[in-house]
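# pasting the structure only:
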DNA sequence: ATGACGGTGTGGCACCGA
């Protein structure tokens, strides 16, 4: 059983890469962020031919999230209940897997630009709303994974330059506290359950040879509930798609569950 | 300090991302 998350930075551009990646890595579910397209343009048919049922929550130009699954999907929720939002950033669904229901909450977390900006304030409100909702969601769905592009580097070791970037976006105390608050709900960072290569990141800037120099951040995460935690046997970043022509700036993260 | 790269839009650059 494998679940994965990948910010594709435009599904229109990246669909061939997504299909190729799924052919090579037939995960049970793939959560996508930054679709940058509306639902009428979502490639339901191409993914169906690849063996995946999809639920999507898109918008024009920005944001947009989807869950692709080899198992039947139900109980779809779009965005955070009770939190008014014009931006399409969350989709949740329950997978009917052979070993039981698996609740996936897929988020494209707010970037936040810089501390002190309106966008940063929006990020804080959004994170607070997510936390409030997830507390209920975990009670209703004990077997839950929160995945996606968190736009938070949780610790210094998740950044290529924690000193130079101290207190800048992705690195602030406030963002990291919100990440810890999510963990305090009973969630665990699946990546840190295992020994990992140093300087493992999931995003690299397109500019200034960021990937070639491994100047990256680990901001894409798979958090698992207490019920799932003992089942996780691996969690890795797959850097290979970042080497493709016309790559996304993010790489997929994959967790394996027994 | 700035911009660099890439995607989108109805564009001739501006915006957003991280």
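Looks like it came in fine. Computed from a predicted structure; not experimentally measured. Residues are numbered from 1 along each chain as shown, chains lettered A, B, ... in the order given.

# residue A:100 contacts residue A:141, doesn't it?
No. The pair residue A:100 / residue A:141 is not scored as a contact, 10.8 Å apart, by Cβ atoms under 8 Å. C-beta coordinates here come from the backbone N, C-alpha and C atoms, glycine included.

# what about the residue sitting nearest the centre point of chain A, which SS state?
In chain A, the C-alpha nearest the mean C-alpha coordinate belongs to residue A:148, at 0.9 Å (Cα atoms, centre = their mean). Three-state assignment for residue A:148 (DSSP: H, G, I helix; E, B strand; the rest coil): strand.

# re the thing from before, neighbour-wise, which of residue A:100 and residue A:141 wins?
Taking other Cβ atoms under 10 Å, residue A:100 and residue A:141 do not tie; residue A:141 has more neighbours (20 against 10).

# how much space separates the more buried one from residue A:189?
19 Å (Cβ to Cβ, to the nearest Å).

# before we move on, back to that, any shared contact partners between residue A:100 and residue A:141?
Residues touching both residue A:100 and residue A:141 (Cβ atoms under 8 Å, 6 or more residues apart in numbering): there are none.

# would you map the helices across the stretch 1-150 of chain A?
A:11-24, A:44-49, A:118-140 (DSSP state H, counting those that start in this stretch).

# for stretch A:143-150, what is the distance to the chain centroid?
How far stretch A:143-150 lies from its chain's middle: 6 Å, per Cα atoms, centre = their mean, to the nearest Å.

# contacting residues around that stretch?
A:3, A:5, A:7, A:31, A:33-34, A:65, A:100-109, A:134, A:137-138, A:179, A:182, A:187, A:190, A:203, A:219-225, A:227-228, A:250, A:253, A:255.

# filter these down to just the buried residues.
A:3, A:5, A:7, A:31, A:33-34, A:65, A:102-109, A:134, A:137-138, A:179, A:182, A:187, A:190, A:203, A:219-225, A:228, A:250, A:253, A:255 (16 or more other Cβ atoms under 10 Å).

# so which of the residues you listed are in strands?
A:3, A:5, A:7, A:31, A:33, A:65, A:102-108, A:203, A:220-224, A:253, A:255 (DSSP state E).

# now stretch A:105-125: buried residues?
Going by 16+ other Cβ under 10 Å, stretch A:105-125 has these buried residues: A:105-110, A:112, A:115, A:120, A:122-124.

# out of those, which are close to DNA strand B?
Among these, proximity to DNA strand B is found for residue A:110 (Cβ under 7 Å from any atom of the strand).

# pLDDT for the buried residues of stretch A:105-125 - can I get that in CSV?
Listed next are the buried residues of stretch A:105-125 as CSV, based on pLDDT from 0 to 100:
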residue, pLDDT
A:105, 98
A:106, 98
A:107, 98
A:108, 97
A:109, 98
A:110, 96
A:112, 95
A:115, 94
A:120, 95
A:122, 95
A:123, 96
A:124, 96
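
# how far off centre is stretch A:10-20?
The answer for stretch A:10-20 is 16 Å, by Cα atoms, centre = their mean.

# residue A:200 in helix, strand or coil?
Following three-state DSSP, the label given to residue A:200 is coil.

# roughly how far apart are it and residue A:193?
Residue A:200 is 14 Å from residue A:193, by Cβ to Cβ.

# residues in the stretch 1-150 of chain A within reach of DNA strand B, list them.
So far as Cβ under 7 Å from any atom of the strand goes, the stretch 1-150 of chain A lies against DNA strand B at A:7, A:9-10, A:12-13, A:34, A:36-37, A:60-62, A:110-111, A:113-114, A:119, A:149.

# hang on, residue A:151 packs against residue A:113?
No. Counting by Cβ under 8 Å, residue A:113 is not a contact partner of residue A:151; they are 10.3 Å apart.

# can you pull the residues that touch both of the two?
Common neighbours of residue A:151 and residue A:113 (Cβ under 8 Å, 6+ apart) are residue A:169.

# good, we can wrap up now.
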